[in-house]
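In: I would like the atomic coordinates for the input below:
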Amino acid sequence: MIEKTVIIGGVAGGATAAARLRRRNEEMQIVLVERGDNISYANCGLPYYIGDVIPNRGALLLQSPEQMKKKYNVDVRIKNEVIKIIPDEKTVRIKDLNSGEIYEESYDHLVIATGSSPLVPPLPGIDAENIFTLWTVADTDRIKEYIENHNVKKAAVIGGGFIGLEMAENLHQRGISVSVIEMADQVMAPLDKEMANLVHEDLVKNEVDLFLSDGVKSFSDESDGTLIRLNSGREMKADLILLAIGIKPNSELASDAGIKLNERKGIVVNDYLETSIPDIYAVGDVIAVENYISKKPAMIPLAGPANKQARILADNLCGAYRRYKGSMGTAIARVFDLSVASVGLNEKQLNQAGKVKHEDYETVLINQKSHAGYYPGSSMMTLKLIFDRDGAIFGAQIVGKDGVDKRIDTIASVMAMNGSVFDLAELELAYAPPYSSAKDPVNMLGFVAENLLSGLIRFVEWDEVDAMIASRSEKDDFIILDVTEEAERRVYAIESSVHIPLGQLRERIDELDQDKLIIPYCAIGVRSYIASRILMQNGFEQVAALSGGITFYRSMHYADEI
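Out: I've put the predicted structure just below:
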């Protein structure tokens, strides 16, 4: 008997599962049910179509229903919505959204790939015609049409995640003045606060009005735009508003069918992507996965994992027994001048899990050029690595203009192979001046982590230095030591720091008190490391270099210079 697989949802996970199933089994009957107008479209490209970076709308449509039928012999039914799963009968109830007809379809295997939807809070005025979410091609069309027909001059983006910031950039690209409103104290939740500060600095530099630690209280229409009232009492006006405050899994169908969900309403699946009901499977944003690093359940709604899950599931439906091993949440986004990337766990997550810095984990933060500094076009990137006392890597974050993608992917690959900071140090990576340095930034992360674990260097963070300065007295037990050159010091220096250029340190070392904590700093951290080694080998037992150097420290205080 020919088996029939019904797939609910035709975007990333659903379309990939259908195509892989056909490549594995020419005889299987495959029915793909999608309630929208399109299947297999490029969600991640939608902001760039609005910003005219991608000029051709058709480029977003990776497969049409007709192509899917012709290439893969898949019965694609767009504008059809599954309204009920009936597990006991192994059928689904479907509504044809064009005709209104309701009919039933049987299945041998059912795949739930219903994805997720944007959160829309019940705020006063939220239903106004100029307030949008961005999730589908239809959403994109509505936003673009509104911009082109309503002389939009000002836009407000509610939410500072990936979609919100990509939209802020693309609205700005169209000459629209943009405000970003974020309830948390930082944008880009996967980053730790200090790395997010680099993004804040760049947003402000690009004339984005940034409102942090504030949320929307209400919207109200006025003659010259929509008035947005914030919880803080602040107000602003906008012609167009984009809601990008988060997403929720589309798991109502599964819940109504008695399929087990987790506390965040994600469908619970096993390693083979089976739900709690036999012959029903699920992939993509709608499922709870295992975090590859913490081994705890997590919601990680990314296109890459969804496609891999779909491929593994299709193989299993064709007789294989492949396990999905979880997701590390490797992600990257472009935000104006910067690329922003992360993988694994951040410090916030470790702290929430009860782990304590210097006891359970360590961090290093370095600044490195994207390729050899003497070759034209190099730019600085900031890399942060989080690891345990044995060198096992918990996560990494990178912010920079160029070369960020290949570095985060390299670290993610090492993590996937259960590699350590010592493996980062030993990696043999391709080098030529236009592409990297003989000691790649990834190698440098490994080197610095090795030095920290072996006791060759200690670090103090920028905010710890600020706290020390704020509470200092006449009997300070620390000295902030500037080892830059005089010209550099004139540009920027930490107030009340002692200046001894690195080249003079050995001959002037007696000017420093060995009983005090010495905190050397330079531009990016290389000379402060050398200074630390000089001091530590000359009897100074309390030495801790400023993490990230003065370049990073200054970025943490960008607001002081506005």
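In: contacts, neighbours, all on C-alpha from now
Out: Will do.
In: Alpha carbons of stretch 248-261, as CSV, please.
Out: The C-alpha coordinates for stretch 248-261 follow below in CSV (Å, rounded to 0.1, in the frame of the first residue of the first chain):
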residue,chain,number,x,y,z
LYS,A,248,5.0,32.6,19.6
PRO,A,249,4.8,29.0,18.3
ASN,A,250,1.7,28.1,16.2
SER,A,251,0.9,25.1,18.3
GLU,A,252,-2.9,25.5,18.9
LEU,A,253,-3.7,22.6,16.4
ALA,A,254,-1.3,20.3,18.2
SER,A,255,-2.6,21.3,21.7
ASP,A,256,-6.3,20.7,20.6
ALA,A,257,-5.2,17.3,19.4
GLY,A,258,-3.8,16.4,22.8
ILE,A,259,-0.1,16.6,21.7
LYS,A,260,2.2,17.5,24.6
LEU,A,261,3.5,21.0,24.7
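In: can you tell me how far Ala430 sits from Ile524?
Out: 24 Å (CA to CA, to the nearest Å).
In: of these two, who's got more company?
Out: When neighbours are counted by other CA atoms under 10 Å, Ala430 and Ile524 differ, and Ile524 comes out ahead with 22 against 10.
In: for the stretch 401-550 of the chain, what spans make up the helices?
Out: 404-416, 421-426, 441-453, 462-470, 486-491, 526-536, 549-556 (DSSP state H, counting those that start in this stretch).
In: Please verify my assumption that Ala12 contacts Glu34.
Out: No: counting by CA atoms under 8 Å, Ala12 sits too far from Glu34 to count as a contact (11.7 Å).
In: In terms of packing, which of these two has more residues around it?
Out: In terms of neighbours (other CA under 10 Å), Ala12 is the more surrounded of Ala12 and Glu34; the figures are 27 against 24.
In: who's in contact with the more buried one?
Out: Residues near Ala12 by CA atoms under 8 Å, 6 or more residues apart in numbering: 40-41, 284, 303, 306-307.
In: per-residue confidence for the residue positioned nearest the centre of the chain?
Out: The centroid of the chain falls nearest to Ala331 when counting by CA atoms, centre = their mean (4.6 Å). What the model reports as pLDDT for Ala331 is 97.
In: OK, contacts around it?
Out: Contacts of Ala331 (CA under 8 Å, 6+ apart): 302, 341-343.
In: Please report how far it lies from Val421.
Out: On the measure of CA to CA, Ala331 and Val421 end up 20 Å apart.
In: Show me the helices in the stretch 1-150 of the chain, by range?
Out: Taking DSSP H, counting those that start in this stretch to define them, one finds helices in the stretch 1-150 of the chain at 12-24, 46-50, 65-72, 137-149.
In: And for the third one, what's in contact with it?
Out: So that's helix 65-72. Residues contacting helix 65-72 (CA under 8 Å, 6+ apart): 19, 22-23, 38-39, 74-78.
In: Closest one to Trp462 out of these, please.
Out: Ile39 (47.9 Å; CA to CA).
In: wait, that closest one sits on Leu60?
Out: No: using CA under 8 Å, Ile39 makes no contact with Leu60, being 10.4 Å away.
In: who has more neighbours, the two?
Out: Counted by other CA under 10 Å, Ile39 and Leu60 do not tie: Ile39 has more neighbours, with 26 against 18.
In: what pairs with that one across the strands?
Out: Gln63 (DSSP bridges).
In: Might you report the residue contacts of it?
Out: So Ile39 contacts 10-11, 15, 61-65, 78 (CA under 8 Å, 6+ apart).
In: Write a ChimeraX command that selects only the buried members of the contacts of helix 65-72.
Out: If you want just the buried ones from the contacts of helix 65-72 in ChimeraX, going by 16 or more other CA atoms under 10 Å, the selection is:
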select :19,22,38,39,74,75,76,77,78
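In: Do a quick rundown of the strands in the stretch 301-450 of the chain.
Out: 331-335, 338-344, 362-369, 380-387, 393-400 (DSSP state E, counting those that start in this stretch).
In: ranking the ones you listed by burial, who's on top?
Out: strand 393-400 (a mean of 27; mean count of other CA atoms under 10 Å).
In: tell me the mean pLDDT for that strand?
Out: Summarised as a single mean, pLDDT over strand 393-400 is 98.
In: So which residues make contact with that strand?
Out: 191, 195, 198-199, 293, 338-346, 379-388, 404, 408, 411, 415, 419-421.
In: Now do the end-to-end distance for stretch 296-303.
Out: End-to-end for stretch 296-303, by CA to CA: 20 Å.
In: How far does it sit from its chain's centre?
Out: 12 Å (CA atoms, centre = their mean, to the nearest Å).
In: Can you give me the buried ones in it?
Out: 297-303.
In: So which residues make contact with it?
Out: Against stretch 296-303 from outside (CA under 8 Å, 6+ apart): 12, 266, 284-291, 327, 329, 331.
In: Now rank the residues you listed by neighbours and give me the top one.
Out: Ile287 (33 neighbours).
In: list the contacts for that one?
Out: 249, 266-269, 299.
In: what do you get for Arg22?
Out: 28, 30, 72-74 are the contacts of Arg22 under CA under 8 Å, 6+ apart.
In: Same list, the residues you listed, but as TSV with pLDDT and distance to Ser547 please.
Out: Shown next, in TSV, are these (pLDDT from 0 to 100; distance: CA to CA, whole Å):
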residue	pLDDT	distance to Ser547
Met28	97	58
Ile30	98	56
Tyr72	95	54
Asn73	96	58
Val74	96	56
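In: Buried by neighbour count, from those residues: which ones?
Out: Buried among the contacts of Arg22 (16+ other CA under 10 Å): 28, 30, 72-74.
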